[in-house]
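1. what's the 3D shape of this:
(2 chains)
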Amino acid sequence: MLNSFWGFMFFIGMLSGVWISIHSNSWFGVWAGLELNLICFIPFIIQGDTMCSEPSVKYFLVQACASFLLFFSGVSMVNYTGMMKSLITVSLLVKLGAAPFYFWYLWVGNSLKWIQFLSLSTIQKISPLVLLFYSGLNKGSEVMIYSSIIVGGVVGGIGGINEASLRKLLVYSSLNHMGWMMMPLVVENELWLVYFFFYCLMLMMVVWILYLLKLYYLNQMFSVSISWVAKLTLLVSFLSLGGLPPLLGFFPKFMVIEMSSGSLMLFSLFFLIMSSVVTLFYYLRASLSVLMLDHSKIKSNLTFSEKFSMILIMAMTIIGGVMSVLFFQSFLQ
Amino acid sequence: MNHSYIFMISFMFMMAFMVFFLVFKHILSSLISLEFMALAMFSMFSLSPMLLKSEMYSSFLFISIVVCEAALGLSLIILWVRKKGNDLFITF
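-> Numbers count the residues shown, from 1 in each chain, chains lettered A, B, ... in the order given. Okay, the predicted model is just below:
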């Protein structure tokens, strides 16, 4: 995307759309930014597979409908009832791909290449999450977000068990992580941004390795023979996504647990913790097949820069977690 | 021009939203219902400043962005038809 001039322009437009919708103080600016983001992201999806427009049509229809709904319910807040507040939350959840509106995310995410999947999961989630936080509509009517948290956690855990496609696995894991991210967001703690940043980092590490090895399905993982450093990095990245201490992925979850353990949110926290164990199961299943088996027919040679990125990923995963607690302790109070 | 027109236009938007979900055959039908939603919102933007006696420029900005989005939707349908031969959601 960043190779050509117009590709670069579309990328800048995508980020500008996010920026505009975050920094505007009326629903009009929010909607304009979301539309700019959508319009500039669609060529990005098409670029991966030029003849197939199916994921882009599905993505476009869902996101356009949700942004119209957002604009309409934002503008007609003249009648400030509970239904309008939850309608805004519903449209933002549709744009995120959070539960219970995740079906488009499954279909679209399964048809994308890894780079487009990564930007769908990280960049496109920034503005709806920020809007959910700053709209402040979740004070009186938290039912919608709490149901999204619990259903997202449970579905993200259980739904990924029967999946053979790695992209669908990561979609279910992102459902689970959305549940974790929305826990601090409901009580208007900025910890959700810390969690989001760590999630983007961990997802980028996992997707980067899978992109280098061009793995899209679980049965492709059996037939790749790589050096033991790369295998270990894949295992460690998946484990950190699952939230295993002392790796990077544990510490945002630990901070969310510590934030919410003294409060009335213990019910949803229980579901989230239980579903994290289930997600860890399917991460382990995906990564152990690479680690244990050695198929000597197909060898994959990685260049020096790719090996360097493996070492960087390992260092960030193992050391970064402990460092992060020191930096982000102020959010725990 | 009185205030009950806003309720009518909100009803129009809600009906357009419902029709968007009831489409199951042609993709062009869902694009048309998106434009119907945009039309309802455009009339709301044109009407409510008239009732409040304030300026009306926001409808112009709104319609220009909606036109860009509609053009994008149409070009996506063209890509779909080039690959599959028709614009149906399900072909067998």
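
2. what is the burial count for A:Glu306?
-> A:Glu306 is flanked by 15 other residues according to other CB atoms under 10 Å in any protein chain shown. Bear in mind the C-beta positions are built from the backbone N, C-alpha and C, glycine included.

3. swap that for A:Leu169, please
-> By other CB under 10 Å, the residues close to A:Leu169 number 22.

4. wait, what's in contact with the closest residue to A:Gln116 other than its chain neighbours?
-> Distances taken as CB to CB, 6 or more residues apart in numbering or on different chains place A:Gly48 nearest to A:Gln116, at 5.0 Å, with adjacent residues excluded. By CB atoms under 8 Å, 6 or more residues apart in numbering or on different chains, the contact set of A:Gly48 is A:112-113, A:115-116.

5. chain B versus A:Gly48, what's the distance?
-> 13 Å (CB to the nearest CB, to the nearest Å).

6. inside helices: which ones of the contacts of A:Gly48?
-> Residues of the contacts of A:Gly48 located in helices (DSSP state H): A:115-116.

7. would you turn the contacts of A:Gly48 into TSV with pLDDT and neighbour count?
-> Formatted as TSV, the contacts of A:Gly48 follow (pLDDT from 0 to 100; neighbours: other CB atoms under 10 Å in any protein chain shown):
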residue	pLDDT	neighbour count
A:Leu112	92	22
A:Lys113	92	15
A:Ile115	92	15
A:Gln116	92	22
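
8. check the contacts of A:Gly48 and tell me the two furthest apart.
-> A:Leu112 and A:Ile115 (8.4 Å; CB to CB).

9. do you know the pLDDT at A:Met144?
-> If you check A:Met144, the pLDDT there is 86.

10. I meant to write A:Cys40 there.
-> pLDDT, A:Cys40: 94.

11. got it, and the one 4 residues further on?
-> Residue-level confidence at A:Phe44 comes out at 90, pLDDT.

12. quick one, what contacts the closest residue to chain B within chain A?
-> Nearest residue of chain A to chain B: A:Ser53, at 3.6 Å (CB to the nearest CB). Counting by CB under 8 Å, 6+ apart, A:Ser53 touches A:46, B:76, B:79-80, B:83.

13. excluding sequence neighbours, find me the nearest residue to it.
-> That would be B:Leu79: by CB to CB, 6+ apart, it lies 3.6 Å from A:Ser53.

14. which helix or strand contains the one you found?
-> helix B:58-84 (DSSP states H and E).

15. burial of the residue of chain B found nearest chain A, as a residue count?
-> The nearest approach of chain B to chain A comes at B:Leu79, 3.6 Å away (CB to the nearest CB). As a burial measure, B:Leu79 scores 17 neighbours (other CB under 10 Å).

16. so who does it touch?
-> By CB under 8 Å, 6+ apart, the contact list for B:Leu79 reads A:46, A:51, A:53, A:56.

17. please apply the same query to B:Ser30.
-> Neighbours of B:Ser30 in contact, by CB under 8 Å, 6+ apart: A:61, B:20, B:23.

18. from these, which ones fall inside helices?
-> Going by DSSP H, the helices hold A:61, B:20 from those.

19. on that earlier part again, which one of the contacts of B:Leu79 sits in the busiest neighbourhood?
-> For the contacts of B:Leu79, neighbours were counted using other CB under 10 Å, and A:Ser56 has the most, 27 neighbours in all.

20. quick check: which element contains that one?
-> helix A:54-75.

21. poorly predicted segments of chain A, please.
-> A:1, A:77-84, A:137-138, A:140, A:294-304, A:329-333 (pLDDT under 70).

22. near chain B, which residues of it?
-> Within chain A, the residues that sit near chain B (CB under 8 Å from any CB of the partner chain) are A:28, A:31-32, A:35, A:38-39, A:42, A:46, A:51-54, A:56-57, A:60-61, A:64-65, A:68-69, A:71-72, A:75-76.

23. tell me which parts of chain B are close to chain A?
-> Within chain B, the positions adjacent to chain A are B:6, B:10, B:13, B:17, B:20, B:27, B:30, B:34, B:37-38, B:40-41, B:44-45, B:58, B:61-62, B:65, B:68-69, B:72-73, B:76-77, B:79-80, B:82-83 by CB under 8 Å from any CB.

24. which among these count as buried?
-> B:6, B:10, B:13, B:17, B:20, B:27, B:30, B:34, B:37-38, B:40-41, B:44-45, B:58, B:62, B:65, B:69, B:72-73, B:76-77, B:79-80 (16 or more other CB atoms under 10 Å in any protein chain shown).

25. now the residue most central in space within chain B: which helix or strand?
-> For chain B, the residue nearest the mean C-alpha position is B:Glu35 (2.3 Å; CA atoms, centre = their mean). According to DSSP H and E, B:Glu35 maps onto helix B:27-52.

26. what angle separates that helix from helix A:54-75?
-> Orientation of helix B:27-52 against helix A:54-75 (axes from the mean of the first three to the mean of the last three CA atoms, to 10 degrees) gives an angle of 20 degrees.

27. any idea how far helix B:27-52 is from the chain center?
-> Averaged C-alpha coordinates place helix B:27-52 at 6 Å from its chain's average position (CA atoms, centre = their mean, to the nearest Å).

28. re earlier: buried subset of the residues of chain A next to chain B as a PyMOL selection?
-> Buried members of the residues of chain A next to chain B, defined by 16+ other CB under 10 Å, are picked up in PyMOL with:
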select buried, chain A and resi 28+31+32+35+38+39+42+46+52+53+54+56+57+60+61+64+65+68+69+71+72+75+76
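
29. pLDDT of the helix holding B:Glu35, averaged?
-> Average pLDDT, helix B:27-52: 90.

30. can you give me the angle it makes with helix B:58-84?
-> Using the same axes, to 10 degrees: helix B:27-52 against helix B:58-84 is 180 degrees.

31. list the residues that contact A:Lys95.
-> Contact partners of A:Lys95, counting by CB under 8 Å, 6+ apart, are A:34, A:63, A:66-67, A:70, A:128.

32. same thing but at 6 Å, please
-> By CB atoms under 6 Å, 6 or more residues apart in numbering or on different chains, A:Lys95 lies in contact with A:66, A:128.

33. now it: which helix or strand?
-> Taking DSSP H and E as the definition, A:Lys95 sits inside helix A:82-96.

34. this completes my enquiry, with thanks.
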